[in-house]
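Asks: model this:
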Amino acid sequence: MTSTRIDDTQAIRQILADQYEAWAAGDAERFVADYDAEATVITPGIYRRNRDEVRDGMAANFGGVFAKSTVTDEIQDIRFLGPDHAVVVSRAGILFAGETELPADRYVNATWVLVKQDDRWSVAAYHNSPVVSN
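Replies: Numbers count the residues shown, from 1 in each chain. Have a look, this model is predicted:
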């Protein structure tokens, strides 16, 4: 792996780490700080069409169902699709207030699409779906 790819990989990992730190703080503005203005988010039953919709939805959730929750997220793979695009696959789940272990039925597989513009990575799209055991 070239030093550029090492730097890119670290930058991408940091974006996810920063996002989940913002989640734990209940900070919707900081949560979307690394989202592209036209970023899309699809989760079961939800389609957000841009960063503002993602921020507003997360702000509502941080004041409600996601209050005092945290996220566990384990990156499974980072694949570069050229110099300016990457796909990240991760396994994640939400720990609600007071929980110390994530129930197996609440894990999701997530796909992140990131783009590099002006030497900075940002999230262009995010999607997750529940893990289903075979």
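
Asks: and stretch 120-134, average pLDDT?
Replies: Per-residue pLDDT over stretch 120-134 has a mean of 92.

Asks: and the helix or strand containing Gly57, which residues are buried?
Replies: Taking DSSP states H and E as the criterion, Gly57 maps to helix 51-62. Within helix 51-62, the residues scored as buried using 16 or more other CB atoms under 10 Å are 51, 53-55, 57-59, 61-62. Every residue, glycine included, has its C-beta placed from N, CA and C.

Asks: next one: the most centrally placed residue in the chain, what pLDDT does it get?
Replies: Central residue of the chain (CA atoms, centre = their mean): Leu16, 5.7 Å from the mean position. Confidence at Leu16, expressed as pLDDT, is 97.

Asks: begin at 16 from here
Replies: I'll keep to 16 as the first residue from here, and by that count the last item is Leu31.

Asks: count the neighbours of the nearest residue to it once chain neighbours are set aside for me.
Replies: Excluding the flanking residues, the one nearest Leu31 by CB to CB, 6 or more residues apart in numbering is Asp88, at 6.2 Å. Using other CB atoms under 10 Å, Asp88 has 20 other residues around it.
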